[in-house]
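*Asks:* missing the sequence, but the structure's below:
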């Protein structure tokens, strides 16, 4: 179990190195309404996304087919921030049942909104692109000259991530459109954690889970942290 | 919480250490070389493809480090007219340079280069467009970006008005976008028949071999976005270095970078004609 956790930590660190900057640019410097998807024609010269966006998306979608939402728990920099915040969340275990399921539909609505804006509105530009410049200076200039809709978009993302300090993984569970897309793409992945027939329905996995779910259920990101905590050893990795 | 195999302290320490490692490896954070002189340069974002190689040339020759920012000139100008500071500034629109000089923020300015607008079509020109007047044709669906930054938005709208085609071109547009560099991909991919862009856009690696270029008569060009100047700002800590940089950018090797990026260098014969036409005298 500890070995598995450290493998996950190493994967997260490696991912942070590879796509951390891209992730940062998407939130703080991307001038478009939907970040991470108009990279090929983007005027922001410094963003590594101009070169890596397509391989990154192919890898993410391939990972969804193989491992479901494992990208969220093993590689997403936003997921890592959310995980960090969840360690000190004030309302652990308080949002459950129907409320959790209703809120969870938010990420599918966010995905639909992103698809609509990208596909039917040609992904409009909501900020002045700071094409190249110093790390801090460019971020400050982006904020200084952004349009109100950009502030709304960025505010929602940062606000939802910050809400993770109150409700664990608020962004990942309720608003992340990428998580919704991965859930749909990886609905029947090749490998996933699942509850075998030995499950006694004791609920330990649910109580221990950072995302407050159970293996293979909605919001499960295949992190595998629950596998070593099941008293009946009923959580398996497989198809 | 107590059952986590990695304690909160270990997790937080690991997270902070990882973030620190990633950020140190990130671009833009590398410390400048010890002992090297630094110069902060801001310019209109459209000039970025020219400034980046020109800056590298200057750095290798002068042993100085250029901290360069390229973004929409009106936005940078607004910041500089407010509280922002830089050491060298190369704005689009002559009036901005004049305003900065009047306020005593820009010490002097010189002609740098000029832009020009062209009509672009997909390779093979499937709609058989021969001039700007063809944008009136009902079967021609252009991409226009009225909401993009002024050089692509208002300027192109002004150009189309002068050419007498703005109503038809807008009515028949494939779509009206907000970022010319992003939207012109529709033309490059053959999903729209034409667009009006600055020549520099046709030199971007993404579009270099994907567009046919048709000249637009100069009489239709709106004057303000055509001119670029460069000047030393009052905040330049090393005035000698700042002036040497401006001089280099306006010299033959510096200007060659601007020509390669699709601009008309101020030092060229054509540039001198435009300098006189638009009244871009040293200020």
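*Replies:* Thanks, I have it. Predicted model, so just to flag it, every value in this text is computed and none were measured.
*Asks:* ok, and the closest non-adjacent residue to residue A:156?
*Replies:* Distance criterion Cβ to Cβ, 6 or more residues apart in numbering or on different chains; nearest residue to residue A:156, sequence neighbours excluded, is residue A:175 at 7.2 Å. (Glycine included, C-beta is placed from N, CA and C.)
*Asks:* actually, residue B:99.
*Replies:* Leaving aside its sequence neighbours, residue B:99 sits nearest to residue B:81 (Cβ to Cβ, 6+ apart; 6.8 Å).
*Asks:* tell me how far that neighbour lies from residue B:112.
*Replies:* 20 Å (Cβ to Cβ, to the nearest Å).
*Asks:* neighbour-wise, which of the two wins?
*Replies:* Per other Cβ atoms under 10 Å in any protein chain shown, whichever of residue B:81 and residue B:112 has more neighbours is residue B:112, with 30 against 13.
*Asks:* now do that one, the pLDDT please.
*Replies:* For residue B:112, the pLDDT comes out at 97.
*Asks:* ditto for the one 5 residues further on
*Replies:* What the model reports for residue B:117 is a pLDDT of 95.
*Asks:* just the strands in the chain please.
*Replies:* Looking at chain A here, since you left the chain open. Ranges of strands within chain A are A:130-132, A:192-195, A:235-238, based on DSSP state E.
*Asks:* let me rephrase: I mean chain B.
*Replies:* Counting by DSSP E, chain B has strands at residues B:37-44, B:64-71, B:88-90, B:106-114, B:117-122, B:142-144, B:175-176, B:194-198, B:211-215, B:227-233, B:264-265.
*Asks:* export those as JSON lines, with columns for distance to residue A:117.
*Replies:* Output for the strands of chain B, formatted as JSON lines (distance: least, Cβ to Cβ, whole Å):
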{"stretch": "strand B:37-44", "distance to residue A:117": "28"}
{"stretch": "strand B:64-71", "distance to residue A:117": "24"}
{"stretch": "strand B:88-90", "distance to residue A:117": "34"}
{"stretch": "strand B:106-114", "distance to residue A:117": "36"}
{"stretch": "strand B:117-122", "distance to residue A:117": "26"}
{"stretch": "strand B:142-144", "distance to residue A:117": "18"}
{"stretch": "strand B:175-176", "distance to residue A:117": "14"}
{"stretch": "strand B:194-198", "distance to residue A:117": "22"}
{"stretch": "strand B:211-215", "distance to residue A:117": "27"}
{"stretch": "strand B:227-233", "distance to residue A:117": "34"}
{"stretch": "strand B:264-265", "distance to residue A:117": "38"}
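*Asks:* out of these, nearest to chain A?
*Replies:* strand B:64-71 (3.3 Å; Cβ to the nearest Cβ).
*Asks:* the closest one near chain A anywhere?
*Replies:* Yes. Judged by Cβ under 8 Å from any Cβ of the partner chain, strand B:64-71 comes into contact with chain A at B:67-71.
*Asks:* neighbour-wise, which of those residues leads?
*Replies:* For these, the largest neighbour count, defined by other Cβ under 10 Å, is 29 neighbours, found at residue B:70.
*Asks:* for that residue, give the beta-bridge partners.
*Replies:* Applying DSSP bridges to residue B:70 gives these bridge partners: residue A:132, residue B:43.
*Asks:* ok, now residue B:264?
*Replies:* Counting by DSSP bridges, the residues bridging with residue B:264 are residue B:114.
*Asks:* is stretch A:34-54 up against chain B anywhere?
*Replies:* Yes. Stretch A:34-54 reaches chain B (Cβ under 8 Å from any Cβ) through A:38, A:40-43, A:45-46, A:48.
*Asks:* which of those are buried?
*Replies:* Buried members of the residues of stretch A:34-54 next to chain B, counted by 16 or more other Cβ atoms under 10 Å in any protein chain shown: A:38, A:41-43, A:45-46, A:48.
*Asks:* in terms of contact, does residue A:161 touch residue A:78 like I think?
*Replies:* Yes. Contact criterion Cβ atoms under 8 Å: residue A:161 and residue A:78 qualify, at 6.6 Å.
*Asks:* who touches both of the two?
*Replies:* Taking Cβ atoms under 8 Å, 6 or more residues apart in numbering or on different chains as the contact rule, residue A:161 and residue A:78 both touch residue A:171.
*Asks:* still on that earlier bit, and of the residues of stretch A:34-54 next to chain B, the nearest to residue A:129?
*Replies:* residue A:43 (4.4 Å; Cβ to Cβ).
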